[in-house]
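# Whatever this is, show me its structure:
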Amino acid sequence: MKKTEMIFSKDIIAKHPSADIPVDGVTSRLIQAGQQQFIFMEFNQDVEVPKHSHNAQWGVVLDGEMEITIDGQTLFLKKGDTYYIKKDAIHSAKIKKGYKQLTLFDQKDRYKEK
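You can find the predicted model right below:
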């Protein structure tokens, strides 16, 4: 079993609350970090995230694949890749089943606890 397959069963991550993310097929953990939030996300089905914007976001792919379009530029990301979305940039994504990431939102209240 890969290390990342157990991401939410590890005590250090599992002890954090789930984030209330309005997307089907995502499991998450929310870590409040002062004025920012870290979110661990794992997708158990293919998901399309429509165009939207918010405060800045940085992410690292832990496993799987994602196609993300940021301000009209499309990136194909896989394990080990990182991305950055500046504040108010329009972006959307096509996320494959099995995708896992750690994301930092430059916003203290992007998501609430579930």
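# Okay, strands next: where are they in this protein?
Here the chain has its strands, by DSSP state E, at 26-33, 36-43, 47-52, 57-63, 65-70, 73-78, 82-85, 91-95, 100-105.
# Summarise which helices and strands the fifth one is packed against.
Think strand 65-70. strand 73-78, strand 82-85, strand 91-95 (3 or more CB pairs under 8 Å, 6 or more residues apart in numbering; DSSP states H and E). (C-beta placed from N, C-alpha, C; glycine too.)
# Next, the contact list for Ala93, please.
If you count contacts by CB atoms under 8 Å, 6 or more residues apart in numbering, Ala93 has them with 47-49, 66-69.
# Now with 10 Å, please.
47-52, 66-70, 74-75, 77, 83, 99 (CB atoms under 10 Å, 6 or more residues apart in numbering).
# Check Thr27 too.
Contacts of Thr27 (CB under 10 Å, 6+ apart): 7-8, 18-19, 21, 40-44, 100.
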